[in-house]
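Colleague: just coords:
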């Protein structure tokens with residue numbers, strides 16, 4: 001299919017410090033790790049790379065954000081550009097530190113993350129709106145956001161692109177208080193089970209509870225709600241759909257980029273003209289491939305790898 005839409009990602013760009021360990025130390029405890037790596041990350045950048053790789057780097061994905069002028073900023077920018085993400089609106093702040101995240105991954109593939117968002121939190125309303133104006137966002141575009149930068153800047157940007165008719169996808173991660181207005185502005189909301197619990201108060205542990213949480217969010221905010229459930233798949237809820245889209249069986253190595261892979265794959269599939277259920281299936285497949293590899297952006301599959309996996 002021909003590409004008919006553009007994807008604009010507003011969000012965080014971080015450098016990730018990853019320690020793989022048998023088990024994650026408890027408070028006051030020290031444990032020996034097995035390996036250490038430094039790799040490009042950040043939810044916004046991860047999702048942009050995931051989408052660009054599936055779209056084969058066809059200059060259809062733009063990243064809006066801010067970097068510092070530290071030792072990692074060139075690496076972060078260069079990696080995005082190497083995958084086909086355009087960085088015209090990824091600015092640099094003098095004498096400032098780019099976002100960083102410390103990620104611990106245990107032998108089961110589960111992860112724990114502590115982040116210092118640095119220049120990500122300097123992305124303000126005027127910067128995001130100026131980028132949107134210069135990108136000439138239209139109703140044919142997809143606008144993909146998370147909650148790693150200022151909620152106020154995200155809200156203003158979402159309102160702006162909504163007024164222009166673009167499709168807004170909100171990944172409400174990490175969970176933040178006072179995000180009510182963002183939920184109202186989203187056309188598609190993609191919480192994982194923990195975020196769905198935070199947003200609804202419903203403990204999400206199976207398909208029945210996932211449906212209840214998705215229905216609650218859909219009734220309150222409208223649009224389409226997709227609750228991602230790892231190996232169970234993703235529950236899709238809107239005015240016309242209420243069903244699970246199954247996941248794919250894989251042997252996970254690390255789950256650190258799974259949610260970002262899903263969102264990037266979802267956006268790319270919509271970009272290519274897929275209907276929502278097929279787009280969720282492609283998002284599930286993108287996430288499944290991602291967790292079989294180490295790293296975040298490096299773990300995102302290419303279009304050829306995705307097509308081979310799905311066939």
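Modeller: Good, I have the coordinates. All values derive from a computational prediction rather than experimental measurement.
Colleague: alpha carbons only for contacts and neighbour counts from here, please
Modeller: Will do.
Colleague: Can you pull up the most central residue in the protein?
Modeller: Taking Cα atoms, centre = their mean as the criterion, residue 260 is the residue nearest the geometric centre of the chain, at 3.4 Å.
Colleague: Surely that residue touches residue 42?
Modeller: No - checked against Cα atoms under 8 Å, the pair residue 260 and residue 42 is beyond contact range at 9.1 Å.
Colleague: before we move on, back to that, find the nearest non-adjacent residue to the residue nearest to the centre of the chain, please.
Modeller: The spatial neighbour of residue 260 that comes closest, neighbours along the chain excluded (Cα to Cα, 6 or more residues apart in numbering), is residue 47 at 5.0 Å.
Colleague: So which elements touch the strand or helix carrying the residue nearest to the centre of the chain?
Modeller: Taking DSSP states H and E as the criterion, the element that holds residue 260 is helix 258-271. The contact analysis (3 or more Cα pairs under 8 Å, 6 or more residues apart in numbering; DSSP states H and E) places helix 258-271 against strand 7-10, helix 43-54, strand 142-145, helix 276-290.
Colleague: and residue 186, which of the ones you listed is closest to it?
Modeller: With Cα to Cα as the criterion, residue 186 lies closest to strand 142-145 of those, at 9.3 Å.
Colleague: Poorly predicted segments of this structure, please.
Modeller: Low-confidence segments of the chain, defined by pLDDT under 70, are located at 1-5, 57-59.
Colleague: Would you state the helices of it in chain order?
Modeller: Secondary structure of the chain (DSSP state H): helices at 43-54, 73-82, 125-135, 151-163, 180-185, 193-200, 207-221, 258-271, 276-290, 303-310.
Colleague: Now tabulate those in a markdown table and tack on distance to residue 6.
Modeller: Supplementary listing: these in a markdown table, determined by distance: least, Cα to Cα, whole Å:
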| stretch | distance to residue 6 |
| --- | --- |
| helix 43-54 | 10 |
| helix 73-82 | 16 |
| helix 125-135 | 10 |
| helix 151-163 | 13 |
| helix 180-185 | 19 |
| helix 193-200 | 27 |
| helix 207-221 | 25 |
| helix 258-271 | 7 |
| helix 276-290 | 16 |
| helix 303-310 | 17 |
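Colleague: which one of those helices is the most hemmed in?
Modeller: For the helices of the chain, average neighbour numbers computed from mean count of other Cα atoms under 10 Å are highest in helix 43-54, which has a mean of 32.
Colleague: what's the angle from that one to helix 303-310?
Modeller: Orientation note: helix 43-54 sits at an angle of 80 degrees relative to helix 303-310 (axes from the mean of the first three to the mean of the last three Cα atoms, to 10 degrees).
Colleague: and the angle from helix 43-54 to helix 258-271?
Modeller: Orientation check (the same axes, to 10 degrees): helix 43-54 against helix 258-271 gives 50 degrees.
Colleague: tell me what helix 43-54 is packed against?
Modeller: Counting contacts by 3+ Cα pairs under 8 Å, 6+ apart, helix 43-54 packs against strand 7-10, strand 61-68, strand 85-93, helix 258-271, helix 303-310.
Colleague: what sits up against that helix?
Modeller: 9-14, 58-63, 80, 83-85, 145-146, 148, 257, 260-261, 263-265, 267-268, 286, 296-297, 300-304, 306 (Cα atoms under 8 Å, 6 or more residues apart in numbering).
Colleague: Give me the angle between it and strand 61-68.
Modeller: 150 degrees.
Colleague: hang on, the earlier thing: now tabulate the helices and strands packed on helix 43-54 in TSV and tack on distance to residue 119.
Modeller: Rendered in TSV, the data for the helices and strands packed on helix 43-54 read as follows (distance: least, Cα to Cα, whole Å):
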stretch	distance to residue 119
strand 7-10	13
strand 61-68	6
strand 85-93	7
helix 258-271	20
helix 303-310	31
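Colleague: Sounds good, over and out.
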